[in-house]
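In: okay, predicted coordinates and the sequence, questions at the end:
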Amino acid sequence: MKKKFLKIFSTAISLLLIMAMIAGCSSEGSDKKTQVLTEAKPEPENLVGQITFSGYITDANDEHLEEYIQAFNSQYNNVEVSVIHDEFMDSYFDDLDNKIENGTIGDVFIIDDERLAKYAAEGKILDLSPYVEEYIDFDTYEKINPSEEWYKAAYESSLYDGKLYMGATEYYHNFIFVNYSLLEEAGLSVPGDNWTWTELKSDAEIIKETSNIDTPIVMDYTDYDIWGAFARSCGVEIYDNIGTTDVKGMNLTHPDVIDGFEYLADEIVNSGLVLKSSADSINAEDLSKYAFIVADHTNLVQWSEYLTSDKCDFEWDYMHFPKWEGEERTEVVTEANQTATEPAGTTRVIKDYYQSIGATTYGLAVYVHDDDEHTQEHYDMCAQFALYGLVDNGSESYVGDGEIVPANKDIAEKRFWRDYPVSGKNSSVFTHYADHIALVGETEEAAAASKIADFSAVLTSFMSIEAAEQIDVEKILNDYLKKNIPFEESLQDVQDNINKNW
């Protein structure tokens with residue numbers, strides 16, 4: 001591709017631009033900081049300076065942050081990056097708010113999608129949108145589009161108010177951690193990839209009866225990435241499509257959405273089979289006590305030492321998040337879609353399947369300093385560093401030895417990272433939902449009817465913070481189960497309040 005040389009602002013001009021922007025805005029810090037933007041697309045050799053990078057590691061030998069820096073320096077070799085990673089994931093995020101407030105966070109830092117909206121609304125992180133309008137991989141001089149390079153839900157999770165604030169690097173959706181030993185004790189066969197919630201519930205009931213386990217399933221059904229999946233269990237969007245219309249509103253009162261809530265309440269929550277808890281709270285030594293745990297890849301990292309040791313005395317694997325069965329329908333086979341067993345003119349029975357789950361995204365954000373000392377070139381360097389995961393070389397380096405699921409689709413298709421923490425397991429679950437994969441024996445028509453998709457697990461990726469705070473699913477479920485308040489009524493109230501604030 002022909003090189004496209006982009007206009008470069010000198011440091012002196014950049015400083016004048018920043019001063020002009022500051023003079024034109026109010027004296028409030030947040031107003032000033034939201035003006036730190038750029039239209040410059042500097043080439044690597046024109047960026048010179050130093051930046052700091054705050055993150056976390058998975059163990060004492062984890063060097064994936066250093067590897068990411070090395071990959072970045074293969075293009076931007078005049079930018080010196082100092083990394084601070086003396087904390088693990090839990091302690092890092094426990095103290096992140098404090099470091100943001102007191103300014104001790106790095107110039108670039110790891111952020112999760114849950115905190116992104118708050119920091120963006122407060123003007124504490126940089127709007128990266130101008131940098132990705134024509135993002136260039138300076139190895140190939142090809143343009144890269146984040147909405148195409150990242151998984152759809154990862155891209156949406158990186159947005160707030162329609163603007164990009166995070167360079168997505170890590171991508172996690174839920175799957176089911178399965179205790180095969182408990183299944184065997186109960187005389188049950190191993191579920192297949194096309195299992196349904198009806199089958200999971202049936203297996204859980206049998207295990208409860210035969211194994212003296214009160215709650216075979218661990219699942220925090222009040223999290224949006226789970227209740228949202230039930231609400232979408234018939235393939236219905238619960239909100240207007242992001243970024244495609246000026247009309248904003250929720251579809252919580254759609255009959256199919258209400259059916260999803262009723263299924264969650266009546267068949268799962270009210271069954272007494274579910275422990276309302278997150279996988280994060282389960283100690284590795286207690287894994288054998290449960291048949292099914294809704295988990296993600298970060299939980300496997302947390303449990304890896306135990307699962308690979310002699311202390312783990314049960315068989316286990318991970319399975320795809322179950323799907324929901326739709327109604328059966330029939331169609332007459334035509335010559336265009338006939339098969340050897342179904343010639344034209346015969347009637348084909350098709351059942352729709354729906355499978356979806358929320359995806360959590362982590363990435364890199366740029367801290368906006370509350371001062372006038374940091375130049376435009378400083379923010380240019382930071383932005384290029386935060387977005388370097390768009391480049392395959394950067395994304396692959398960030399994945400390291402496999403502790404991380406890549407948000408970059410091209411890297412996620414590679415096998416090298418999938419064997420962590422244990423090889424030979426069903427690692428297809430890590431990226432199964434992003435793009436539908438036809439199941440074995442599934443006709444093309446049935447495959448097309450199956451609606452399988454990830455969605456951003458944070459509501460604030462498409463609505464305001466004030467609107468998202470209106471949804472208290474635990475209260476909605478309790479009102480239904482304990483007070484007999486119909487979902488139609490409670491969801492209508494919530495929807496009305498959301499739309500006032502959105």
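Out: Good, I have the coordinates.

In: got the buried residues for stretch 208-220?
Out: 208, 211, 213, 215-220 (16 or more other Cβ atoms under 10 Å). C-beta here means a position set from N, CA and C on the backbone, and glycine is covered the same way.

In: ok, stretch 62-71 next?
Out: Quick answer for stretch 62-71 (16+ other Cβ under 10 Å): 62, 64-69, 71.

In: from those, pick the one nearest Asp259.
Out: His64 (43.1 Å; Cβ to Cβ).

In: how close does that closest one sit to Tyr171?
Out: Between His64 and Tyr171 the computed distance is 15 Å (Cβ to Cβ, to the nearest Å).

In: try Asn408
Out: 9 Å.

In: touching both of the two, which residues are there?
Out: Common neighbours of Asn408 and Tyr171 (criterion: Cβ atoms under 8 Å, 6 or more residues apart in numbering): Trp150.

In: who has more neighbours, the two?
Out: Tyr171 (28 against 25; other Cβ atoms under 10 Å).

In: which SSE is the more buried one in?
Out: strand 167-173 (DSSP states H and E).

In: output the contacting helices and strands for that strand.
Out: helix 152-157, strand 347-366, helix 392-399 (3 or more Cβ pairs under 8 Å, 6 or more residues apart in numbering; DSSP states H and E).

In: kindly recompute the last result at 7 Å.
Out: Contacts defined by 3 or more Cβ pairs under 7 Å, 6 or more residues apart in numbering; DSSP states H and E place strand 167-173 against helix 152-157, strand 347-366.

In: quick check: closest non-adjacent residue to Ile176.
Out: Met319 (4.7 Å; Cβ to Cβ, 6 or more residues apart in numbering).

In: list the contacts for that neighbour?
Out: 175-176, 178, 191, 195, 426, 429 (Cβ atoms under 7 Å, 6 or more residues apart in numbering).

In: can you check Leu126 too?
Out: So Leu126 contacts 36, 366, 368, 379, 383 (Cβ under 7 Å, 6+ apart).

In: the stretch 201-350 of the chain: strands as residue ranges?
Out: Using DSSP state E, counting those that start in this stretch, the strands of the stretch 201-350 of the chain run over 217-218, 274-275, 292-295, 316-319, 324-332, 347-366.

In: of all these, which lies closest to Ala467?
Out: strand 347-366 (17.4 Å).

In: for that closest one, which positions count as buried?
Out: 348, 350, 352-366.

In: one step back: check pLDDT for the contacts of Met319 and point me to the minimum.
Out: Taken together, the contacts of Met319 show their lowest pLDDT at Pro191, with 86.

In: looks like that one contacts Glu199 (just checking).
Out: Yes. Using Cβ atoms under 7 Å, Pro191 is in contact with Glu199, at 6.4 Å.

In: what about those two, which has more around it?
Out: Pro191 (20 against 16).

In: show me what contacts that one?
Out: Contacts of Pro191 by Cβ under 7 Å, 6+ apart are 199, 319.

In: could you list the domains of this structure?
Out: 11-172+362-412, 175-359+429-501 (automatic domain parsing).

In: tell me which of those domains is the most buried.
Out: domain 11-172+362-412 (a mean of 19; mean count of other Cβ atoms under 10 Å).

In: so how far is that one off the chain centroid?
Out: 17 Å (Cα atoms, centre = their mean, to the nearest Å).

In: most distant residue from the middle of the chain?
Out: Each residue of the chain has a distance to the centre, and by Cα atoms, centre = their mean the biggest one is for Gly345: 44.6 Å.

In: which per-residue confidence value corresponds to it?
Out: 92.

In: contacts only, for it.
Out: Per Cβ under 7 Å, 6+ apart, neighbours of Gly345: 332-333.

In: which one is Asn77 nearest to, not counting chain neighbours?
Out: Per Cβ to Cβ, 6+ apart, closest to Asn77 is Pro44, 7.0 Å.

In: do Glu66 as well
Out: Val83 is the one closest to Glu66 (Cβ to Cβ, 6+ apart), at 6.4 Å.

In: check Trp502 too.
Out: In space, Trp502 is closest to Ala467, 3.9 Å off (Cβ to Cβ, 6+ apart).

In: quick one, phi psi at the one you found?
Out: phi -70, psi -40 (degrees, to the nearest 10).

In: residue contacts, it?
Out: Taking Cβ under 7 Å, 6+ apart as the test, what Ala467 contacts is 498, 501-502.

In: closest to Leu128 out of these?
Out: Looking across the contacts of Ala467 and measuring by Cβ to Cβ, the closest to Leu128 is Trp502, at 23.5 Å.

In: count the residues that sit near the closest one.
Out: 18.

In: how close does it get to Ala412?
Out: 32 Å.

In: again, but for Asp454
Out: 12 Å.

In: before we move on, what about Ile110?
Out: 19 Å.

In: related to what we said a few turns ago, and the contacts of Leu126, which two are the farthest apart?
Out: Among the contacts of Leu126, Val368 and Ala383 lie farthest apart (Cβ to Cβ), at 11.2 Å.

In: flag the shaky bits of the stretch 201-350 of the chain, pLDDT-wise.
Out: 240-248 (pLDDT under 70).

In: nearest residue to Asp256 other than its sequence neighbours?
Out: Cys234 (3.7 Å).

In: so what's the residue nearest to Ser395 when sequence neighbours are not counted bridging to?
Out: Nearest residue to Ser395, sequence neighbours excluded (Cβ to Cβ, 6+ apart): Asn408, at 3.7 Å. Note on Asn408: beta-bridge partners by DSSP bridges are Trp150.

In: quick one, what contacts the residue nearest in space to the middle of the chain?
Out: By Cα atoms, centre = their mean, the chain has its centre lying nearest to Thr360, at 2.4 Å. Neighbour list for Thr360: 112-113, 172, 225, 296, 457 [criterion: Cβ under 7 Å, 6+ apart].
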